[in-house]
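In: sequence first, predicted model second:
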Amino acid sequence: MTGLPVFRPVMSPSLIALLVQITATAVTLVFFLPAFSLLGIDISLIFAAFIQGGVASAACFRFGLASWWVPINLLFVPMVVWALTFGIAPVWFLAAFFLLFLVFWSVYRSQVPLYLSSQKAWGATVDLLPAGSGFAMLDLGAGLGGMLNHLSIKRPDGRFYGMEIAPLPFALAWLRKIAGRGAYQIRWGNFWAHNLAGYDVVYAYLSPVPMAKLWVKACMEMLPGSRFISNSFPVPEVKPEEIVELDDFHRSRLYVYRIPARQGIGAAP
């Protein structure tokens, strides 16, 4: 065996990223800055911040974090140093932190950031709804409620429901429903604790992390023949019934799955 072993995360990637930042800061202060000092090289604070960011981004690979953590760890401290040069009052940083907390407070556990479905996804999903009336559709992670509002207008013969765990997006979605008198329901909560039985269509725009587990949940709870639709993130090792290409900004895809008969659950990941 060659090369250094990669440590796979055994805790939340967000906590690992925090430990990476702390470790990179310590390495920069203990080794790199004294080395430059011994060489008689005087470096600026922003340059030192980029050294710390380089160490942190390199550590991402060492600890097995996903590739999208690299720019975050690289730029986090340099951006903080850069922001401090503007002389912004601390209360604004506190306000920004509180706002981000209301939007992303559960990401460190769920590893599901806030994604908003495009209008192209709304339109394509309309075509994937059952032809008959009285069907029930659930949007997992309903965000600001845009999808639910659109579908309830286009298909008033259906019943539409949504769940959102982030406080601020849920509050905005709820206000949108009240103001527009939307013909749908939205609930604040964790969809893992919600039974998917009774829904003919379940739509999700989450992340790659929960897809295998969510597919098993869908197969266990939804009726055979029901549809499970995932925006952008396929279910691992499960062939979709259909893939719908979306001509949106992200060139997204809708992965459409048909819930198998109960004896097919064992084949699910």
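Out: Looks like it arrived, so ask away.

In: how about the helices in the stretch 101-250 of the chain?
Out: Applying DSSP state H, counting those that start in this stretch to the stretch 101-250 of the chain gives helices spanning 107-110, 119-127, 146-154, 167-180, 211-221.

In: okay, these, which one's buried deepest?
Out: Most buried of the helices of the stretch 101-250 of the chain by mean neighbour count (mean count of other CB atoms under 10 Å) is helix 146-154; its value is a mean of 21. In short, each C-beta sits where N, CA and C put it, glycine included.

In: just want the angle from that helix to helix 167-180.
Out: Helix 146-154 runs at 20 degrees relative to helix 167-180, counting by axes from the mean of the first three to the mean of the last three CA atoms, to 10 degrees.

In: I'd say residue 133 and residue 159 touch.
Out: No - applying CB atoms under 8 Å as the test, residue 133 and residue 159 come out as separate, 9.6 Å apart.

In: which one's more surrounded, these two?
Out: Per other CB atoms under 10 Å, whichever of residue 133 and residue 159 has more neighbours is residue 159, with 18 against 10.

In: dump the helices of the stretch 101-250 of the chain to CSV, plus distance to residue 198.
Out: Shown next, in CSV, are these (distance: least, CB to CB, whole Å):
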stretch, distance to residue 198
helix 107-110, 24
helix 119-127, 19
helix 146-154, 17
helix 167-180, 21
helix 211-221, 9
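
In: of those helices, which is nearest residue 31?
Out: Residue 31 lies closest, by CB to CB, to one member of the helices of the stretch 101-250 of the chain: helix 107-110, at 29.2 Å.

In: tell me the mean pLDDT over the closest one?
Out: Helix 107-110 comes out with an average pLDDT of 52.

In: can you check stretch 191-198 too?
Out: Across stretch 191-198, pLDDT averages out at 90.

In: hmm, back to that, so which of the helices of the stretch 101-250 of the chain comes closest to residue 235?
Out: Residue 235 lies closest, by CB to CB, to one member of those: helix 211-221, at 4.4 Å.

In: who does that closest one touch, helix- and strand-wise?
Out: strand 227-231 (3 or more CB pairs under 8 Å, 6 or more residues apart in numbering; DSSP states H and E).

In: quick one, the strand it packs on and helix 211-221 angle?
Out: 160 degrees.

In: relative to helix 119-127, how tilted is strand 227-231?
Out: 170 degrees.

In: adjacent strands (with direction) for strand 227-231?
Out: If you go by DSSP bridges, strand 227-231 pairs up with strand 201-204 (parallel), strand 253-258 (antiparallel).

In: show residues contacting that strand.
Out: With CB atoms under 8 Å, 6 or more residues apart in numbering as the contact definition, strand 227-231 has outside contacts at 115, 117, 121, 125, 128, 200-206, 211, 215, 218, 222, 235, 241, 252-259.

In: can I get that strand in PDB, CA atoms only?
Out: Extracted as PDB, the C-alpha positions of strand 227-231 are listed here (Å, rounded to 0.1, in the frame of the first residue of the first chain):
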ATOM      1  CA  ARG A 227     -43.600   7.900  -7.600                       C
ATOM      2  CA  PHE A 228     -40.500   9.200  -5.900                       C
ATOM      3  CA  ILE A 229     -38.800  12.200  -7.600                       C
ATOM      4  CA  SER A 230     -35.400  13.400  -6.700                       C
ATOM      5  CA  ASN A 231     -34.000  16.700  -8.100                       C
END
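
In: coming back round to it: among the helices of the stretch 101-250 of the chain, which is nearest residue 80?
Out: Closest approach to residue 80 among those (CB to CB): helix 107-110, 19.1 Å.

In: thinking again about what came up before, weed out the non-buried ones from the contacts of strand 227-231.
Out: Buried members of the contacts of strand 227-231, counted by 16 or more other CB atoms under 10 Å: 115, 117, 121, 125, 200-206, 211, 215, 218, 222, 235, 252-257, 259.
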